[in-house]
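A.B. asks: Give me a model of this one.
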Amino acid sequence: MVGNFSSLRGQDRAISLLRRYLETGNVPPGLLFHGEEGIGKERAALAFLAALFCRDRTPDGGCFACPECRLLASGAHPNLLRISPENHFIQIAGIRRLKEELSLKAFSDRARAALICPADRMTLQAANALLKTLEEPPPATHIVLVAHRLSRLPPTIVSRCQKIPFSTLSEDAVEEILRGIPEAGPRHTVGTVRAAAACAGGSPGRALLLLDEMEEGRRMWAGLFSRLDPANAAAAGETWRKGGERQGQIAVPLSLVRDLALLSSGGKADIINKDFGDPLSAVAARKTPYEWTLAFQALLSTSRLPPQAQKRLALEAFLFGLHGKD
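C.D. replies: Residues are numbered from 1 along each chain as shown. Sure thing, here's the model as predicted:
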């Protein structure tokens with residue numbers, strides 16, 4: 001979905017840079033939007049391109065009424081070329097197709113742009129193939145890269161782009177954004193939204209993916225830490241064995257064990273799952289803070305095992321061991 005600059009929260013520095021380029025008309029041929037995943041980089045790139053293409057630009061970006069804006073909103077603007085991963089990576093063939101398209105005449109008198117997202121998924125061969133285009137782009141052409149991990153891009157690519165840094169948001173800002181999403185916030189309890197925001201590392205996108213797992217998983221895991229249920233332990237182990245395709249699979253139990261460690265040392269004010277405070281307090285009293293810290297480390301190590309039968313057994317062993325030491 002294409003929006004305007006005011007729809008982007010907590011990215012004032014980045015938006016200020018983009019507005020300055022538009023106001024001066026001095027838009028660099030290569031732009032690199034970088035920062036954590038899920039904090040609005042791709043949305044900002046599309047808002048910027050809407051303003052760049054627009055025939056009646058406003059201070060907030062595109063007008064969304066002119067033919068250029070309508071084409072962009074429909075996903076069919078002929079002057080915007082999008083490159084995304086195929087089988088997890090952006091291959092050299094995709095960059096070659098991009099270069100071929102850019103060598104042809106533009107469809108209109110507006111600027112042309114290529115949006116490569118996420119650019120840190122380019123193979124080394126693909127990145128090398130893009131270098132020449134970044135160095136000598138066709139007239140009125142802009143290459144916009146969106147990267148979650150700057151370190152995964154070759155320095156030669158980074159040095160040829162103007163970097164636009166994006167920052168993670170505060171927990172309160174993430175929580176507010178979640179509550180404002182009609183298909184997300186209203187469907188979940190206040191405690192679930194708050195816990196997802198706290199576990200998201202300042203990323204609204206990541207928090208959104210965590211919501212369902214937080215809603216469904218917290219009660220199950222709290223029950224497992226309170227009382228060993230072999231059937232639930234086996235079910236949890238089976239899910240982990242399959243490879244953790246559910247978003248936030250590890251975030252839920254880790255947040256709870258973290259809270260148990262804090263509660264056992266008297267740190268109730270800092271727990272993530274505040275709506276589970278009373279039942280967790282009763283469980284926390286069964287072990288020392290040091291024992292809960294060891295449990296946290298053991299659970300984290302188990303989560304990092306490859307998805308196989310041993311992973312299920314390791315999780316079940318962890319849970320049986322946890323209760324065997326009560």
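
A.B. asks: Now do the helices in the protein.
C.D. replies: 12-24, 41-53, 67-74, 92-102, 124-135, 155-158, 171-179, 190-199, 204-226, 230-241, 251-264, 277-284, 289-303, 309-324 (DSSP state H).

A.B. asks: of all those, which lies closest to Pro165?
C.D. replies: helix 12-24 (6.4 Å; Cβ to Cβ). C-beta coordinates here come from the backbone N, C-alpha and C atoms, glycine included.

A.B. asks: Kindly calculate the angle that the closest one makes with helix 41-53.
C.D. replies: 20 degrees (axes from the mean of the first three to the mean of the last three Cα atoms, to 10 degrees).

A.B. asks: What residues sit buried inside helix 12-24?
C.D. replies: For helix 12-24, the neighbour count (16 or more other Cβ atoms under 10 Å) marks Ala14, Ile15, Leu17, Leu18, Arg19, Tyr21, Leu22 as buried.

A.B. asks: re earlier: JSON lines for the helices of the chain, including mean pLDDT and distance to His34?
C.D. replies: Shown next, in JSON lines, are those (pLDDT from 0 to 100; distance: least, Cβ to Cβ, whole Å):
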{"stretch": "helix 12-24", "mean pLDDT": "95", "distance to His34": "10"}
{"stretch": "helix 41-53", "mean pLDDT": "95", "distance to His34": "7"}
{"stretch": "helix 67-74", "mean pLDDT": "91", "distance to His34": "23"}
{"stretch": "helix 92-102", "mean pLDDT": "95", "distance to His34": "19"}
{"stretch": "helix 124-135", "mean pLDDT": "95", "distance to His34": "15"}
{"stretch": "helix 155-158", "mean pLDDT": "96", "distance to His34": "9"}
{"stretch": "helix 171-179", "mean pLDDT": "93", "distance to His34": "19"}
{"stretch": "helix 190-199", "mean pLDDT": "94", "distance to His34": "23"}
{"stretch": "helix 204-226", "mean pLDDT": "89", "distance to His34": "15"}
{"stretch": "helix 230-241", "mean pLDDT": "78", "distance to His34": "32"}
{"stretch": "helix 251-264", "mean pLDDT": "94", "distance to His34": "24"}
{"stretch": "helix 277-284", "mean pLDDT": "94", "distance to His34": "38"}
{"stretch": "helix 289-303", "mean pLDDT": "91", "distance to His34": "27"}
{"stretch": "helix 309-324", "mean pLDDT": "83", "distance to His34": "33"}
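
A.B. asks: coming back round to it: so which of the buried residues of helix 12-24 is the closest to Ala251?
C.D. replies: Ala14 (26.8 Å).

A.B. asks: quick one, what contacts the closest one?
C.D. replies: Ala14 is in contact with Phe33, Ala44, Ile164, Pro165, Phe166, counting by Cβ atoms under 8 Å, 6 or more residues apart in numbering.

A.B. asks: Please tell me how far the residue lying closest to Ile90 once chain neighbours are set aside sits from Gln91.
C.D. replies: Nearest residue to Ile90 in three dimensions, chain neighbours excluded: Met122, at 4.4 Å (Cβ to Cβ, 6 or more residues apart in numbering). According to Cβ to Cβ, to the nearest Å, Met122 stands 8 Å off from Gln91.
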